[in-house]
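Asker: my questions are about this predicted structure, shown below with the sequence.
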There are 2 protein chains.
Amino acid sequence: MNNQPIQVSIIDDHSLFRKGVVALIREIPGFNVLSDFSNGQEFIDQLTENLPDIILMDIDMPVKNGFQTTQWLKENHPEVKVLALSMYHDELSIIKMLKSGAKGYLLKDVDPENLRISLEELMEHGYTYSELVTKTVVHNLQFSNPELNETEEAFIRLCCSEMTYKEIADKMNISPRTVDGYRESLFEKLSIKNRIGLVIYGIKNGIHRI
Amino acid sequence: MNNQPIQVSIIDDHSLFRKGVVALIREIPGFNVLSDFSNGQEFIDQLTENLPDIILMDIDMPVKNGFQTTQWLKENHPEVKVLALSMYHDELSIIKMLKSGAKGYLLKDVDPENLRISLEELMEHGYTYSELVTKTVVHNLQFSNPELNETEEAFIRLCCSEMTYKEIADKMNISPRTVDGYRESLFEKLSIKNRIGLVIYGIKNGIHRI
DNA sequence: TAGCTCTCGGGTGAAAACACCCTTTTTATG
DNA sequence: CATAAAAAGGGTGTTTTCACCCGAGAGCTA
């Protein structure tokens, strides 16, 4: 290890939480907070050559969310290590964040000591996979959730409302028959029996946030 | 104002967030952090004569949640001012917290400066009602959420599954006709149109947790 | 070019959900 | 005790949802 402090940036739209994390990280020896932003776009807009070593990244944010920002970093600055920091422990969020390029995934209810351990592990090994992440990835391998395309996700989102299928068809500018097809193929794919199952699936997997 | 620092305690199960808030409040002149706990029961168990002036109270916590703990404080130590600090901005949470005795309600995405302002206002006036709170209370007066009894909540819980109404009737040991009545009265009470609305309401209001 | 798959769309009938009418039973309360 | 209010159950008909059948066209590819 060299003796330069490790630079950390935080991207989270909850400013109280963000500032709290900033204060906590300042107390960890060997780490320094470089900057903090309330969403991904703000971070990208204010980018300088002075990049952080680690970014703590929230998922749900306005303008540019955690998935998109992590993806952007993977393509433009792959040397920056993204550590996801989210309150969601649903499988889809974790898997999507890892696929986007995150090097680890922590829940927001992690305690400061474990945050420190994860940060150090991240610098040492280049990744930090908690038990939650490992379990989720293995589970996902065994019972892999079918890939849903954009249309299917949009359809599920609309199903999480009081609209009838006919109204959904109008909204999507397709025939009610097509909606029928979407429904049937999703029932089959997701092993569910009716629209309630679709709503539960949508909410459970973060397709529709309440 | 006297020159004794105002004592603040924080009850929140997300320890990273909690410790962050602790660090932030320590930086506010005139305020001191007395203690912090991960849930209401832990706070009550470790109670001494040395009570805080203000408690920052989360809602969703294991063992004893924010509603119960605030209620308990109202009955046992009404001089302690509870300031709710939650990520939920739904009407039910805000109203239930105020009914339980909270003197204010802040969202977790409040910035540190507004937290400071609210704390000071709380000490000066004994309450701090943000625009969010005022708007919600007025809205609630105009469109007050109906009280649901145990049976209705149980029914909603069962509706958040793939069971048909006939199966729900079997499970509840009542006639399908009665279920019909429950459904119709709930549609009316909650101003919803169909079962999807019931599912969304149930999840949104914590009747069914995913 | 024949064959394959995927998306989109259509018809029909059964089952479930929903709306609106009603009566009986239970429970609370003056 | 009387009487109102609430809970439970019933009949009937419409709309929505769901299941299973089918074909047309686009795009890919062996």
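Answerer: That came through, no problem. Just so we're clear, the structure is a prediction, and the values are computed from it rather than from any experiment. Residues are numbered from 1 along each chain as shown, chains lettered A, B, ... in the order given.

Asker: near DNA strand D, which residues of chain A show up?
Answerer: A:164-166, A:180, A:183-184, A:187, A:193-196 (C-beta under 7 Å from any atom of the strand). Heads up, the C-betas are built off the backbone N, CA and C, glycines and all.

Asker: widest-spaced pair of those residues?
Answerer: A:Lys166 and A:Lys193 (20.8 Å; C-beta to C-beta).

Asker: which of the residues of chain A next to DNA strand D sits closest to A:Phe31?
Answerer: Within the residues of chain A next to DNA strand D, proximity to A:Phe31 (C-beta to C-beta) peaks at A:Ile196, which comes in at 46.9 Å.

Asker: follow-up on the earlier one: now, which of the residues of chain A next to DNA strand D lie within helices?
Answerer: By the criterion of DSSP state H, membership of these in helices covers A:165-166, A:180, A:183-184, A:187, A:195-196.

Asker: run through chain A and note the low-pLDDT ranges.
Answerer: Within chain A, the stretches with pLDDT under 70 are A:1-2, A:138-145.

Asker: in it, what residue comes closest to chain B?
Answerer: At 1.7 Å from chain B, A:Gly20 is the closest residue in chain A, using C-beta to the nearest C-beta.

Asker: nearest residue to that residue in space, please, no chain neighbours.
Answerer: In space, and not counting its chain neighbours, A:Gly20 is closest to B:Gly20: 1.7 Å by C-beta to C-beta, 6 or more residues apart in numbering or on different chains.

Asker: OK, contacts around A:Pro151?
Answerer: Careful, residue A:151 is Thr; it's not Pro. Taking C-beta atoms under 8 Å, 6 or more residues apart in numbering or on different chains as the criterion, A:Thr151 is in contact with A:172, A:182.

Asker: any idea which element it lies in?
Answerer: Assigned by DSSP states H and E, A:Thr151 belongs to helix A:150-159.

Asker: got the buried residues for that helix?
Answerer: Neighbour-count burial for helix A:150-159, with 16 or more other C-beta atoms under 10 Å in any protein chain shown as criterion, is recorded at A:152, A:154-156, A:158-159.

Asker: figure out how far it is from the centre of its chain.
Answerer: For helix A:150-159, the separation from the chain centroid amounts to 18 Å (computed by C-alpha atoms, centre = their mean, to the nearest Å).

Asker: please see if that helix touches DNA strand C.
Answerer: Yes. Counting by C-beta under 7 Å from any atom of the strand, contacts between helix A:150-159 and DNA strand C involve A:Thr151.

Asker: export that helix as PDB, just CAs?
Answerer: Output in PDB follows, covering the C-alpha atoms of helix A:150-159 (Å, rounded to 0.1, in the frame of the first residue of the first chain):
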ATOM      1  CA  GLU A 150     -38.100  -3.200 -22.500                       C
ATOM      2  CA  THR A 151     -41.600  -3.700 -23.800                       C
ATOM      3  CA  GLU A 152     -42.300  -6.500 -21.300                       C
ATOM      4  CA  GLU A 153     -41.100  -4.300 -18.400                       C
ATOM      5  CA  ALA A 154     -43.200  -1.400 -19.700                       C
ATOM      6  CA  PHE A 155     -46.100  -3.700 -19.900                       C
ATOM      7  CA  ILE A 156     -45.600  -5.000 -16.300                       C
ATOM      8  CA  ARG A 157     -45.300  -1.400 -15.100                       C
ATOM      9  CA  LEU A 158     -48.700  -0.600 -16.700                       C
ATOM     10  CA  CYS A 159     -50.200  -3.800 -15.200                       C
END
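
Asker: A:Asn65 reaches A:Gly40, doesn't it?
Answerer: Yes. A:Asn65 is within contact range of A:Gly40, at 6.6 Å (criterion: C-beta atoms under 8 Å).

Asker: give me the more crowded residue out of the two.
Answerer: Higher neighbour count among A:Asn65 and A:Gly40: A:Gly40, with 26 against 20, using other C-beta atoms under 10 Å in any protein chain shown.

Asker: and A:Tyr105, that's in a helix?
Answerer: No. Read with DSSP: H, G, I helix; E, B strand; the rest coil, A:Tyr105 is strand and lies in no helix.

Asker: which element is the closest residue to it other than its chain neighbours on?
Answerer: Leaving aside its sequence neighbours, A:Tyr105 sits nearest to A:Ala84 (C-beta to C-beta, 6+ apart; 4.4 Å). Per DSSP H and E: A:Ala84 is located in strand A:81-86.

Asker: burial count for A:Gln71?
Answerer: By the criterion of other C-beta under 10 Å, A:Gln71 has 20 neighbours.

Asker: and what of A:Leu115?
Answerer: As a burial measure, A:Leu115 scores 21 neighbours (other C-beta under 10 Å).

Asker: one step back: nearest to A:Leu119 among the buried residues of helix A:150-159?
Answerer: A:Ile156 (36.0 Å).

Asker: perfect, that will be all.
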